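Q: Coordinates only, no sequence provided:
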């Protein structure tokens, strides 16, 4: 049974529109992360969270917001989507001790 | 700043042989964790194996093992008896303890492995 799930799995949005990507984990991990993956750039960290109510900026936070309303849920929000945000987005969860992260299946976002 | 480098862009091997994928890293910290992940053709990213920097023994999980050479800042992934389903992209990643409780990972660019029947 999948421990990290993402919705939607595919999304087409229009430039200037608002997009919300959702992530749910049943690992009971404190930390959650949002990455984007683009050809030539590998995995890049957008935002992360230590626990419910906390969000922190990652390496490429511009144009993105995050929300962590509970231990299980972590959302990535694009208030004004742009074509440059077309990418595959991955959510992950991880624990305090060893730091390995467990990834969701990814969301393919296309901004037209 | 941390940096992880995988110099092999792609590798092709015959089925049932052994392959080694290279990874070198840079860190200011003396204690850190090193990881390997596999990304399948469907896009799924799977955690494979971890090496703790303070352990001298190389980690092994199933047919995956590591060649950890701390003086060379190197962590190679060895896959023995390769199978067709091992064809994937393999990422090396590092977390040093200086990053605190956020457990941020730094990833390499990935190596594409093709296993030929």
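A: It's in. Since the structure is predicted, the reported quantities are computational estimates derived from the model, not experimental observations.
Q: show me the contacts for the most centrally placed residue in chain A.
A: Geometric centre of chain A, nearest residue: residue A:34, 3.0 Å, by C-alpha atoms, centre = their mean. By C-beta atoms under 8 Å, 6 or more residues apart in numbering or on different chains, residue A:34 lies in contact with A:21, A:23, A:45-48, A:58, A:64, A:66, A:74, A:76, A:89-91. C-beta: built from backbone N, CA, C; applies to glycine.
Q: cool, and residue A:91?
A: A:4, A:6, A:21, A:23, A:25, A:32-35, A:74, A:76, A:103-104.
Q: Make sure it is indeed in a strand.
A: Yes. Counting by DSSP: H, G, I helix; E, B strand; the rest coil, one finds residue A:91 located in a strand.
Q: For residue A:57, see how far away residue B:24 is.
A: The spacing between residue B:24 and residue A:57, counted by C-beta to C-beta, to the nearest Å, is 28 Å.
Q: who has more neighbours, these two?
A: Neighbour comparison, residue B:24 and residue A:57: the larger count goes to residue B:24, with 17 against 14 (by other C-beta atoms under 10 Å in any protein chain shown).
Q: Can you report phi and psi for residue B:86?
A: phi -80, psi -10 (degrees, to the nearest 10).
Q: so it makes contact with residue B:80?
A: No. Applying C-beta atoms under 8 Å as the test, residue B:86 and residue B:80 come out as separate, 10.2 Å apart.
Q: And the two? Which one has more around it.
A: residue B:86 (19 against 14).
Q: ok, the more buried one - contacts?
A: If you count contacts by C-beta under 8 Å, 6+ apart, then residue B:86 has B:79, B:113, B:115 around it.
Q: Kindly state the pLDDT recorded for the last one?
A: If I follow you right, that is residue B:115. With respect to pLDDT, residue B:115 scores 97.
Q: and it, how far is that from residue B:36?
A: 16 Å.
Q: Neighbour count: those two, which is higher?
A: Shown here are residue B:115 and residue B:36; by other C-beta under 10 Å, residue B:36 has more neighbours (25 against 20).
Q: Could you look up the SS state of the more buried one?
A: strand.
Q: residue contacts, it?
A: B:23, B:48, B:49, B:64, B:66, B:75, B:77, B:90, B:91, B:92, B:93.
Q: Now do the contacts for the third one.
A: Read it as residue B:49. B:35, B:36, B:59, B:60, B:61, B:64, B:65, B:66, B:77.
Q: Pick out whichever of those residues sits closest to chain A.
A: Chain A lies nearest to residue B:35 out of the contacts of residue B:49, by C-beta to the nearest C-beta, at 5.7 Å.
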